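need a 3D model of the following:
(2 chains)
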Amino acid sequence: MIEMFEEWYKSRHEYAKEWKDKTGGKVMGFFCTYVPEEILLAANVLPVRILGSHEPQNVTEPHIFGMYCPFCRDCLAQGLLGRYDYLDGMMIAQSCLHIRQAFTSWKKHMPPEFTYYLPMPHQVQSPRSIPFLRSELETFKSAVEQWVGKEITDADLDRGIELMNASRQAMRELYDTRKGPNPPMTGLEAMYAAVSNQWIDKAEHTAVVRDVIQKELAGRDLGLEGKTRLMILGSEDDDTAFVNMVEGCGSVIVTDDHCTGSRYFWNQVEPEEDRLLAIAKRYINRPACPTKDWPQRTRLDHVRMLAKEWDVAGAIIIQQKFCDPHELDIPEQRKSLDGIGVPTLFLELDVTVPVGQFKIRVEAFLEMLAEEDLF
Amino acid sequence: MAKYPTETLLSWSKAKEIRETYYKNYAAAHDKGGIRWVGGAWTFDAVPAGLGGDVYSLTSEPYGASCAFNKDFSTRAMEAAETAGYARDLCAYMRNYWGSILMNEYAFGGPFPKPDFIWQDHICCSHAKWYQVVSELEGGIPMFCVDVAVGPAEPFGTLTEAKIDYVAGQILDGIEWLEKTTGRTYDDELFIEACWNDFRSTSKWAQVCELNKAVPAPLDEKTMYSLYVLATLQKSWGVVADYYDELYDEVKDRVERGIAAVPNEQARVMSDTQPPWSALKLFRYLEQYGVVSVGSLYTFGLEGMWDFDPATGDLVPRPMPAKKPTTREEAARELVRWHLHKPEYQHFYDCDYKSQMMIAICKNWGLSGVMLHYNRGCEGLSLGIAENRLAIQEAGYPVMTFEGNMGDEREFDLGRTMQRVDAFMETLGVKKVAA
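Below you'll find the model as predicted:
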């Protein structure tokens, strides 16, 4: 059962195409976890997060200046190489500048039948952001209705909210199993679960998560007790080779705060009569991306909470090369974690990572953490 | 023998004086009980003006550019920022600015003057975060930041009332915050006057740039950098608005008399993004070919306000609002509506919007080619530049690209860039002219 997540991770395109054939439904590719999937699910659309493939490529140079992050260029490359040619729609919720270019170049050169730019507000700490986002969600909902040719009712929105909430709840419980001294799953397995959640039919994914929690993880002993407990935080990361290497050095990744990890599913929609308002509040109040974490730094408290509750010994800060938003946060994040006795290792990621060189750094970091136990 | 007559700009020294006064005012603000604040060049500087006539600002990007002129100062500032843990690929202006704080050195002499509060706007990823770090570096300074990223304005999108409500609402909240933070009572009349000056400055600057459609061009881009900058310092200052009125009259006179910026003008180009501030001699090098850079969407539209007409494919200066606002709420909404139409905001939502405006400049300003600065120092203005290049080429204009950094001279190779210019001139079929 737990292997299903890895299978889904590796066969994302085949899954989406089969889903289309089976249901006759539309598939919406999306950038950024601020996209309100509740509305897409309400319209019976399959939301599919667009991620890169971690392979060197040479197709994006004419479209995106090399100083923008490798992630956005890897994502655009997938479109230019035709790997997402099954998409019926494509959208972005306003977040960082870098990924925006992947969206606009894709829209320009390979436009699917429907594209949408949702101006998700940045000033989420202002109460004014909620009514603004609510009004934008109203406009977005109308656009989706026109696209799919069907009204989205309150009952549909309730269904979309329920699907997303159930998925988030299940993933929170999955992550909770890693709090104990002998985690029943590796960080790699958790990554497969978290990332595949972003393109698999929600009900189907949630059912497998529930089965895994109830039938597989209880009593599962991978011998992870005593391994150095780490968290990873930072930019987007679905680099499974990297995570596999880190855990192969004698550690276990027990939690994370990054854009393909827990930030995606952390908080719920609190139902209320005005469904769009409820959805807006959820996205405004979720753990913030650095682009939206100002003027107060709310991420620091959230990351410290994760480190404490998951009892981490150290944190690996993974930052996509050239990722300005995270670069602006990293010095304070490091100080903050140092302040609670959690040392950090900073690593800069590219489309592919130098596994050998990084292994040396990770091993040195783990030795350092172990010495602190000794003395 | 020069092809066209040329003259020094009469109001040139006045522009320099205004700039110098601005920086001195900021440093000396506390001496007479005044207030000083900091924020970006795009911040709504009309708003703090409502706190009184003794309120002085330091806008970050022009300050960062000023640092970049002084290579030694800038290198030390950059290294200070990097030692503090900030990545080298971050906005170069920001690193110059932080470095100034870390070194406690003001680029114009003396220690770095600590502001009383931060009043910022946010559209690129760095804007608000820049000042979040400033506040931390200075031991905690009150900060308020207005998010303006609500989507494109007409003709590319629609500014709904909800969008105006969001931004204007933040401004109104900000005014209450300013009163609490400074202990001063806000003066709506001063605010309204400052808004009106803002409209005057930014509309008039666009009209000045429109005059550069003339052949020969009365102004060259290097000169224009010293003129447009006043609006980046404080577009709501009456002194700046008055200066642009005077400048417009002078430039119009130059057009009528056929006075050229480049006396041997034989080809016209435009640039894009900020220039490498440490190497503006690049523009003088163009003049050896009789080539004048007549401006750019950056020079025209960073502060200048324009309307783009997709039907005619032309950029025209945005007309002033029909009447002066009479209340705080009206002023806030008019200010927001005005600035959300800024040309240099639109590409944040789609690179195509910028391509259309750039092509409009190519057509209507009579250009032979375009020089694009792939500026590592600014992710905001380099956003979509590769697609702009493709679109401009498709529209039939030769494009030269050069990689560099507006504020970090360690990342700009002048010699190599000049060689690229030589090759580009061959493409344009232009040879060096006799001195």
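
what helix or strand does B:L315 sit in?
Assigned by DSSP states H and E, B:L315 falls within strand B:314-317.

so what are the sheet partners of that strand and their directions?
Paired strands of strand B:314-317, with direction, are strand B:306-309 (antiparallel) (DSSP bridges).

buried sites along the partner strand?
Across strand B:306-309, burial judged by 16 or more other Cβ atoms under 10 Å in any protein chain shown covers B:306-308. Bear in mind the C-beta positions are built from the backbone N, C-alpha and C, glycine included.

okay, buried residues for the strand holding B:L315 please.
For strand B:314-317, by 16+ other Cβ under 10 Å, it's B:314-315, B:317.

you'd agree B:L233 is up against B:V240?
Yes - checked against Cβ atoms under 8 Å, the pair B:L233 and B:V240 is within contact range at 7.2 Å.

of the buried residues of strand B:306-309, closest to chain A?
In terms of Cβ to the nearest Cβ, no member of the buried residues of strand B:306-309 lies closer to chain A than B:F308, at 17.6 Å.

who are the contact partners of that closest one?
Contact analysis of B:F308 by Cβ atoms under 8 Å, 6 or more residues apart in numbering or on different chains lists B:155-156, B:314-315, B:343, B:356-357, B:360.

what residues are bridge-paired with it?
Beta-bridge partners of B:F308, counted by DSSP bridges, are B:L315.

check what pLDDT it gets.
Listed pLDDT for B:F308 reads 97.

now A:F375
For A:F375, the model assigns a pLDDT of 56.

neighbours around the nearest residue to A:Y68 once chain neighbours are set aside, how many?
In this structure, A:Y68 finds its nearest non-sequential neighbour in A:H98, 4.6 Å apart by Cβ to Cβ, 6 or more residues apart in numbering or on different chains. If you count neighbours by other Cβ atoms under 10 Å in any protein chain shown, A:H98 ends up with 25.

tell me the one among the buried residues of strand B:314-317 nearest to chain A.
Using Cβ to the nearest Cβ, B:L315 comes nearest to chain A of these, at 21.0 Å.

JSON lines please, covering the contacts of B:F308 and showing secondary structure and pLDDT.
Output for the contacts of B:F308, formatted as JSON lines (DSSP: H, G, I helix; E, B strand; the rest coil; pLDDT from 0 to 100):
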{"residue": "B:P155", "secondary structure": "coil", "pLDDT": "97"}
{"residue": "B:F156", "secondary structure": "coil", "pLDDT": "97"}
{"residue": "B:D314", "secondary structure": "strand", "pLDDT": "95"}
{"residue": "B:L315", "secondary structure": "strand", "pLDDT": "97"}
{"residue": "B:P343", "secondary structure": "helix", "pLDDT": "97"}
{"residue": "B:Q356", "secondary structure": "helix", "pLDDT": "98"}
{"residue": "B:M357", "secondary structure": "helix", "pLDDT": "98"}
{"residue": "B:A360", "secondary structure": "helix", "pLDDT": "98"}
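
what's the ChimeraX line that selects buried ones from those residues?
Of these, the buried ones go into a single ChimeraX selection, burial set by 16+ other Cβ under 10 Å:
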select /B:156,314,315,343,356,357,360
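
list the contacts of the residue nearest the centre of chain B.
For chain B, the residue nearest the mean C-alpha position is B:L302 (4.2 Å; Cα atoms, centre = their mean). Neighbouring residues of B:L302 by Cβ under 8 Å, 6+ apart: B:41, B:228, B:231-232, B:344.

looks to me like A:G52 is in a helix.
No - using DSSP: H, G, I helix; E, B strand; the rest coil, the assignment for A:G52 is coil, not a helix.

list the contacts of it.
A:70-71, A:73-75, A:77-78, A:351.

okay, and which of the residues you listed map to helices?
A:70-71, A:73-75, A:77-78 (DSSP state H).
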